[in-house]
Structures are given as C-alpha cells and as structure tokens.
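A.B. asks: Give me the fold of what follows.
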Amino acid sequence: MSESIQTELVNFSMLEEAATQEQREELTRNVVNLYSLTSATCSKEQIDIYDAVLMRLADLVSDDGRSHMAETLAKLRRAPESVVLKLANDIIDVARPLLETSTILRDADLIEIAKKQSQDHMHAIAGRDVLSEMVTDVLVENGDKPVKHRLAANHGAAFSDQSVNKLLHAAEDDQELQLSLGLRGDLHDDYIVRLIAIASEQVRQRLVEQGEGGAASRIPQAARLAAQRMSNEYWLARYDFETAQEAVLGRFGRNGLSEQLLRRFAEEDRFPEAVVTFACLAGIGLSEAMHWMVRVDTQPFVVMARACGLTPMTVQALLKIGPWRHRLSADMRMETFNRYQSLNRDKARRMVAMWRDQRMAS
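C.D. replies: I've put the predicted structure just below:
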C-alpha cells in the first residue's frame, strides 16, 4: 500500500493539525459512505487502503462518528477486517451493530470479545442470526441473566449439551428462561423432561397455550429460519470469496498453495480462504468449490478430497469450519469422515475423471 494513494484519499497531516472536530466527523462520514457505495467492486488493495484510512479516522472522531462507521460497515458483506474488529471492541453503543450482524467477525473474534468485553457486548452477540456451539459455550459460561435470556430465545443459536445443562440449571428459578427454553424446537426429550420438572405451573400453562393456539403465529418465523438453514445461497452470501481469492493468489500465487496452507486457513477459521485454496489444489472452479463446501450432501467434497490426497487431519479441520460448523451434526461429520477414509484414492480419481468427461461432453 503506497503512502501516495493513502494521502490522495485523506490528508492526515492537515486533518490532525488544522481541521476542526466537525470537519473530521464530516470527512469520516464521507469516507465510510463512499466505501459503502463502492465496496462491491473494490479490489483487495483498495479495501486495504480504506481499512488503513478508517483505522486512523476512528482515532480522530467522536463516539457518534465511530457509531456511524460501525452502523454502515455492519451492513456490508465486504468490509475492512481491521477496522471492523477495532469497532467491535469499542464501547457498546459503537460495537452493537457489528456484534449483532457483521459477517466479517469470525467465531474466534466473537469469543475473544465475549471474554474481555462487557455483558452488553455479550448480549449483542447473543442476538446474531447464527451462533455456533463454540460461541454459545462462552456466552452461557460468562453471560448474565439477560444474555442467557436472549440466547435461549435465539433459534439460530446452537448449544452443546454442556450449555443446555447450564441453562437448565439457571432456569430453576427463572420463569422467563424456562419459557424460552420450552419454546425451542431443538431440545432433546431428556432435556424437555427436565424442563417440565423444574418449570412453574404458570410456565407449564403458557407452554400448553403456545402449543395449542400460539404455534400458528410462530410458523412464519420458524419457516424462515428453517429455509435459511436449508439454503446454500444463504450461507454463501455470508462470505466474501472474491476478496479472499484476490488475497490468497496475490500473496501466495498458485504455485505457493499447499495442503499445509489449506489446513492453516481451516484452523484459523478462514473459510473463504480455505475454499479458494481447496479449489486451486483440486483444479476446480471457485464457484464449484463454494457450493461443494456449503451443501449438506458432502459426497463431492469427499471424493475430491480423497482424489487430491488430503490427509485426515486436513479433512477433519475443513468439516468443522464455515457453514458445515452449523449445518453438519457431530454424527453427520463423523459419517462424512468415515466415507472419506473408506474411499480408495484410485477409485476417487476415476470418479473425478468421469465427472470431468461428462462435463466436457455436455
């Protein structure tokens, strides 16, 4: 990133020495608004430039200025990572929109924020459309009553057995939490029995009423959530594959890609970068790799992973990131891995060759 390009966008020397606070605020709004209008077509280098500029501007403006930044960036699928992470760690009035909606924040980011920031930050995270068990484990362990209430009422949140047990324990003297847990559709029978045993008579009656008359009013929301979880496009829209492709190929080149790099991206929860690397190593298009690594039917991925000679460690890491973290149960993940291990590599190569012949023939 050249200094000349940066200074063409913002003259920081003048801004720090001569500009009034009002001018700084106005310039910051203009820059972030400009980025929001052009983000879809920005190159990786341009995004990096905006990232550096917005990082410096964030230190020069008021809470209101940073709030505008956060609200604008939270709506974007392609947003500069560094400034998003900076603002997500800001005071809650700034951080909230990013914590609630930004797809730029990875699970590792959310976990770190939940551990070191306030209960308000955890409450914002608890309202995200999609939450993995890794994140909810931290929120249940460290969150106060409002955090637990919002989590229990969030049907996009997945819970480990450990977290469900903790929520049930917390619900023993908490009717609101009892009701929220009772209205979830993902509790196992054993947990439902335990919930009924601790629920107050008032909560039991409300659950019965919801089951009889109130269920119809929840059908649209339930149907929407179910449709989202079943839709490949919903999950793919959460990630910026274009920037990832430019970044990976620009930094490593096709000759610099390796299985070791692929596994590193998986371990760092960098799903778009992992998809790009997998596509290059497998010799398939990015669009094809994107769809293979989001769908619940994992057979195409299994065959290609075996044909490419990916090691078990890499395959296991890939099955735990991105959409598969949410869409595959532990049993589905194990079944997929067992199919990979039992598949002969020569047979996998023949299957890949047959797919390519069919594609050329069509």
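A.B. asks: which stretches of the protein have low pLDDT?
C.D. replies: Within the chain, the stretches with pLDDT under 70 are 1-19, 208-230, 362.
A.B. asks: Recalculate using a threshold of 80.
C.D. replies: Low-confidence segments of the chain (pLDDT under 80): 1-19, 185, 204-231, 359-362.
A.B. asks: per-domain residue ranges of it.
C.D. replies: For the chain, the domain assignment from automatic domain parsing gives the residue ranges 1-105, 128-230, 236-361.
A.B. asks: Please identify which of those is closest to residue 121.
C.D. replies: domain 1-105 (5.9 Å; CB to CB). From N, CA and C alone the C-beta is placed, and that goes for glycine too.
A.B. asks: Centre of the chain to that closest one, how far?
C.D. replies: In this view, domain 1-105 has its centroid 21 Å away from the chain centroid, taken as CA atoms, centre = their mean, to the nearest Å.
A.B. asks: Please apply the same query to stretch 178-191.
C.D. replies: Taking CA atoms, centre = their mean, one finds stretch 178-191 lying 25 Å from the centre of the chain it belongs to.
A.B. asks: Buried residues in stretch 285-297, which are they?
C.D. replies: Along stretch 285-297, these residues count as buried under the neighbour rule (16 or more other CB atoms under 10 Å): 286, 289-295.
A.B. asks: could you redo the residues you listed as a markdown table and give each row distance to residue 31 and secondary structure?
C.D. replies: What follows is these, written out as a markdown table (distance: CB to CB, whole Å; DSSP: H, G, I helix; E, B strand; the rest coil):
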| residue | distance to residue 31 | secondary structure |
| --- | --- | --- |
| 286 | 30 | helix |
| 289 | 34 | helix |
| 290 | 31 | helix |
| 291 | 35 | helix |
| 292 | 38 | helix |
| 293 | 35 | coil |
| 294 | 34 | coil |
| 295 | 39 | coil |
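A.B. asks: Pipe these into CSV and attach distance to residue 154 per row.
C.D. replies: As requested, these are arranged in CSV below (distance: CB to CB, whole Å):
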residue, distance to residue 154
286, 32
289, 31
290, 27
291, 28
292, 29
293, 25
294, 22
295, 25
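A.B. asks: what's the burial count for residue 345?
C.D. replies: Residues near residue 345, counting by other CB atoms under 10 Å, number 11.
A.B. asks: If you could redo that for residue 166, that was the one I meant.
C.D. replies: With other CB under 10 Å as criterion, residue 166 counts 16.
A.B. asks: check contacts around it.
C.D. replies: Contact partners of residue 166, counting by CB atoms under 8 Å, 6 or more residues apart in numbering, are 140-141.
A.B. asks: How about residue 306?
C.D. replies: Applying CB under 8 Å, 6+ apart, one finds that residue 306 lies in contact with 340, 343-345, 348.
A.B. asks: Including distance to residue 114, could the domains of the chain go into CSV?
C.D. replies: Putting the domains of the chain into CSV (distance: least, CB to CB, whole Å) gives the following:
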stretch, distance to residue 114
domain 1-105, 9
domain 128-230, 5
domain 236-361, 15
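A.B. asks: Please enumerate the helices of the stretch 1-150 of the chain.
C.D. replies: Counting by DSSP state H, counting those that start in this stretch, the stretch 1-150 of the chain forms helices over residues 3-9, 12-17, 21-38, 44-58, 63-74, 81-88, 92-101, 107-116, 119-125, 133-142, 145-152, given from the N-terminal end onward.
A.B. asks: The fifth one - contacts with which helices or strands?
C.D. replies: Contacts defined by 3 or more CB pairs under 8 Å, 6 or more residues apart in numbering; DSSP states H and E place helix 63-74 against helix 21-38, helix 44-58, helix 81-88, helix 92-101.
A.B. asks: so the third one versus helix 44-58, what angle?
C.D. replies: Put plainly, it is helix 81-88. Relative orientation of helix 81-88 and helix 44-58, computed by axes from the mean of the first three to the mean of the last three CA atoms, to 10 degrees: 30 degrees.
A.B. asks: next one: the longest one
C.D. replies: Note on geometry: by the same axes, to 10 degrees, helix 21-38 and helix 44-58 are set 160 degrees apart in direction.
A.B. asks: three-state assignment of the closest residue to residue 266 other than its chain neighbours?
C.D. replies: Setting aside the residues directly before and after it, residue 266 is nearest to residue 317 in space (CB to CB, 6 or more residues apart in numbering), at 3.8 Å. Assigned with DSSP: H, G, I helix; E, B strand; the rest coil, residue 317 falls in the helix class.
A.B. asks: Residue 317: neighbour count?
C.D. replies: There are 20 residues near residue 317, going by other CB under 10 Å.
A.B. asks: Also residue 353?
C.D. replies: Here the neighbour count serves as a burial measure; for residue 353 (other CB under 10 Å) it reads 11.
A.B. asks: For the strand or helix carrying it, which residues meet the burial criterion?
C.D. replies: For residue 353, the enclosing helix or strand under DSSP states H and E is helix 345-361. By neighbour count with 16+ other CB under 10 Å, helix 345-361 contains the buried residues 348-349, 351-352.
A.B. asks: Stretch 264-281 too?
C.D. replies: 264-266, 269-281.
A.B. asks: just these now: which is nearest residue 193?
C.D. replies: For these, the minimum distance to residue 193 (CB to CB) is 35.5 Å, reached by residue 269.
A.B. asks: residues touching that closest one, list them.
C.D. replies: The neighbourhood of residue 269, defined by CB under 8 Å, 6+ apart, consists of 106-108, 321.
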